[in-house]
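# Curious how this folds, go ahead:
(chains A, B and C)
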Amino acid sequence: MTSFLSSNAELVITVVKIALLLFIVLTVNAYLTWFERKVVAHMQSRWGPHRVGPHGLLQPLADGLKFLFKEDPTPAGADKFVYYLAPLLALALALTSIALIPFGPEPLPWKFYGKAIYLGIVSPDVNIGILALFAITAMGVYGVALAGWSSNSKYPLLGGLRSSAQMISYELALTMSVVGVLLMAGSFNLKQIIEAQAHHPERGIFGWNVWPQILGFFCFFVAAVAETNRVPFDLPEAESELVAGFHTEYASFKFAMFFIAEYTSMITVSCLCSILFFGGWLSPFPASWTFTHYLPSVILIPFGLWVILDGFRYETMFGRIILPGVGTAIAGLGAVFVLLPNVNEFIQAPFWLLSKIFVFLFVYVWMRGTLPRFRYDQLMAFGWKLLLPLSIVNVIVTSFVILARMTWGAK
Amino acid sequence: MTAPLVVFFVLAALAVIGAVSLILQKHPIHSALSLIVVMVALAGLYLLLGAEFVAAVQIIVYGGAIMVLFVFVIMLLNAGVEEHTNLSKMAGAPGLLLVVALAGFVAATIAKSAESVHAAPQTGELASTLGISNMIFKDFVYPFELTSFLILVAVLGATVLAQREKS
Amino acid sequence: MVPTNYYVILSAILFGLGVFAFIFKRNIITIFMSIELMLNAVNLAFVAFSQALGKVDGQVFVLFVIVVAAAEAAVGLGIIILIARNRQTLNVERVDLLKL
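Sure, this is the predicted structure:
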């Protein structure tokens, strides 16, 4: 057993990491639906889910069970092979893209049979990191398009057509808007892109790419929202016009796969936004402010205590057990960070990256609660006549500024 | 067999199966899917060859844009199952023979020249994206500008072609 | 290390299959796809030789080929849409008149 572990350490680490990441991503996905429903509900002065478990926290579990037990019909005349392939493709590609995201620069403090354990499936140093990510997201359109076609039904077909046209159009702007960042970093490597934003550690938040690349960020975020088919660009699944768009004919777990794929690509886009434009795992504070390193604990401990107290409002034993348990875990985690300075230093990078991802996920939900859907011609005009020219202007301006700096040496 | 060789044979088999399936499938969508398999397998081969950038571009442009365009047009025109006349079916048999001859001839010729290639000195590691960009923007800058012009013409042409005539 | 020969032979096989598909298929979209297959086969040979010679030229050529293929796909599919609109068929054997 030991010899197997020591000779295949790399393989074992990767398999364990994949299993762990799958578990985490799927759980986060489930609670993202809860979060979305809750936030949108509160924006519309409703309560949102609150029956199943305290604050409706067990709702995702109930939904998941429902998906598993629903009947799973295949429409007559559907192209069976493609019909089954489409959701698999969508889910597999969405999950693969998240495997390329690095969640921290340093490997874990301890090693496994002499092999370093990085946060994220692949080590942060992938030479074509961002290109590989784009390659995978570019393939994502097939899931939607093929689902629409293979269902042999008119609404899904319209949804699939819309989505493939939309994705081709916005992919151009998406790719062009990143070029500015790549020019500034001089690399496709995600780690180097982040490190390029830390040239002036004392500037903190003002060293990030958003400031010089504000135009690029605007284009990127809008195009990315369109790529993930979310409000206000959710025409492929516009329920008021197309029933449910490309997944109208899908039920049960195949529908859940599309759902998970969509939420996973939301997470990927949030990761990309924070890595490319918001400094990834860099802290927004100047490097000299070491006291900000206690921020995770300062957030976690009061939050945990509040959750514990909140649990005692419930009359059911269930709520009284779950919430205090979760609260104790959160507060305990915060206490661990305070007590072990090594651990605290290590979690700084993942903490900041995860907080930024959370902020972007909130923005996604916020937009869903706020914005109405585009009309189809507006969507196309917006993509081709505004976003694409803007991102090209951004590339030109950025390259001229970089050239001027290189020529006259103004640092 | 070494690991790269195994990877090569798996990807090569995938590519050939995809190409054969492109021919055998009756429905254009299935043919398109087979072609996508070929393209992804080729991207894998490019990675094996150390051409990371080309592999990424292959998937982004071929897989993510061109083939999506094909699938889009097939869906838009609602293309049905392919029909063959008797004549075209008969033409398949001699065509197959000729194609085998062609492939064999091409393979033999190029493989012979590939042997002489091996005599050429292997200059260290294959240049990365930096090398490619240096070459495009220094040695090939005029062809590069010409391709941008070509794309402009293509965009205009496609727009004019696909536009409905005003009655 | 995989010998360059293997790549070249694979490239020839793919090219041959592309030629056969081009001749044998009757759907105009599939015919167009087999052109893409041939271009891909040639690209493979380019990259294989580029690696064998240790020069980047081959890869640059592949990039140019991809760009041209994209342009060709845009125009070609535009033409296909026109044909389908005017003749109501995608079968090349039925597109045999020079005028309507």
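# Domain ranges for chain B, per the record?
B:1-83, B:85-119, B:127-167 (automatic domain parsing).
# of all those domains, which lies closest to residue A:291?
Residue A:291 lies closest to domain B:127-167 among the domains of chain B, at 41.1 Å (CB to CB). (Each C-beta comes from the backbone N, C-alpha and C, glycine too.)
# Please identify which helix or strand holds the residue nearest to residue C:14 when sequence neighbours are not counted.
With CB to CB, 6 or more residues apart in numbering or on different chains as the criterion, residue C:14 has its nearest non-adjacent residue at 3.6 Å, and that residue is residue C:41. Assigned by DSSP states H and E, residue C:41 falls within helix C:28-53.
# quick revisit: chain A: which of the domains of chain B is closest?
domain B:1-83 (2.5 Å; CB to the nearest CB).
# what about the closest one, average pLDDT?
Here domain B:1-83 scores 86 as its mean pLDDT.
# okay, and for the chain, where does confidence drop off?
Chain wasn't specified; assuming chain A. A:1-2, A:114, A:236-244, A:410-411 (pLDDT under 70).
# try chain C instead
C:98-100.
# Where do the helices of it begin and end?
C:4-24, C:28-53, C:57-87 (DSSP state H).
# Wondering if the last one reaches chain B at all.
Right, the one you point to is helix C:57-87. Yes - applying CB under 8 Å from any CB of the partner chain, one finds helix C:57-87 in contact with chain B at C:57, C:59-60, C:62-64, C:66-75, C:77-82, C:84.
# Now that we have those residues, which of them are buried?
Taking 16 or more other CB atoms under 10 Å in any protein chain shown as the criterion, what is buried in the residues of helix C:57-87 next to chain B is C:59-60, C:62-64, C:66-67, C:69-75, C:77-78, C:80-81, C:84.
# re earlier: now the helices of chain C in CSV, with distance to residue A:80?
Listed next are those as CSV, based on distance: least, CB to CB, whole Å:
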stretch, distance to residue A:80
helix C:4-24, 24
helix C:28-53, 21
helix C:57-87, 27
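# Of those helices, which is nearest residue B:68?
helix C:57-87 (10.1 Å).
# which of the domains of chain B is buried the deepest?
domain B:1-83 (a mean of 20; mean count of other CB atoms under 10 Å in any protein chain shown).
# quick one: that one to chain centroid distance?
Here domain B:1-83 is found 8 Å from its chain centre; the criterion is CA atoms, centre = their mean, to the nearest Å.
# Equivalent analysis for stretch C:70-79, please.
Stretch C:70-79 has its C-alpha centroid displaced from the chain centroid by 12 Å (CA atoms, centre = their mean).
# Identify all contacting residues around that stretch.
With contacts defined as CB atoms under 8 Å, 6 or more residues apart in numbering or on different chains, stretch C:70-79 is touched by B:61, B:65-66, B:69-70, B:73, B:150-151, B:153-155, B:157-159, B:161-162, C:32, C:35-36.
# Can you classify the spatially most central residue of chain B by secondary structure?
Among the residues of chain B, the one closest to the centroid is residue B:39, at 6.0 Å (CA atoms, centre = their mean). Of the three states, residue B:39 takes helix under DSSP: H, G, I helix; E, B strand; the rest coil.
# contacting residues around the closest residue to it other than its chain neighbours?
Counting by CB to CB, 6+ apart, residue B:39 lies nearest to residue B:62, which is 4.8 Å off, once chain neighbours are set aside. Taking CB under 8 Å, 6+ apart, we find residue B:62 in contact with B:39, C:36, C:40, C:66, C:69.
# ditto for residue A:68
Contacts of residue A:68 by CB under 8 Å, 6+ apart are A:252-253.
# how close does it get to residue A:254?
Noted for residue A:68: a distance of 12 Å to residue A:254, by CB to CB, to the nearest Å.
# before we move on, what about residue A:78?
11 Å.
# The two: which has the busier surroundings?
More crowded of residue A:78 and residue A:254, by other CB atoms under 10 Å in any protein chain shown: residue A:254, with 23 against 18.
# just to revisit the earlier point, between the contacts of residue B:62, which is nearest residue A:192?
For the contacts of residue B:62, the nearest to residue A:192 is residue C:66 (25.7 Å; CB to CB).
# Surely the closest one touches residue B:58?
Yes - the pair residue C:66 / residue B:58 is scored as a contact, 7.0 Å apart, by CB atoms under 8 Å.
# Does the residue nearest to residue C:14 touch residue C:19 like I think?
No - the criterion here is CB under 8 Å, and residue C:41 misses it with residue C:19 at 9.5 Å.
# Neighbour count for these two, which is higher?
Set residue C:41 next to residue C:19 and count neighbours by other CB under 10 Å: residue C:41 wins out with 26 against 21.
# quick one: the strands in chain B?
Per DSSP state E, chain B has no strands. Nothing in it meets that criterion.
# Enumerate the residues of it near chain A.
With CB under 8 Å from any CB as the criterion, chain B meets chain A at residues B:27, B:29-30, B:33, B:36, B:43, B:52-53, B:55-57, B:59-60, B:63-65, B:68-69, B:71-72, B:74-76, B:128-129.
# which ones among those residues come in contact with chain C?
Within those, those near chain C by CB under 8 Å from any CB are B:53, B:57, B:65, B:69, B:74, B:76.
# Please identify which of the residues you listed is nearest to residue C:27.
Nearest member of these to residue C:27, counting by CB to CB, is residue B:74, at 9.2 Å.
# Surely the closest one and residue B:33 touch.
No - using CB under 8 Å, residue B:74 makes no contact with residue B:33, being 10.5 Å away.
# Give the full set of residues in contact with whichever residue of chain A sits closest to chain B.
Chain B sits closest to residue A:138 of chain A, with a gap of 2.5 Å, by CB to the nearest CB. Residue A:138 makes contact with A:171, B:59-60, B:63-65, according to CB under 8 Å, 6+ apart.
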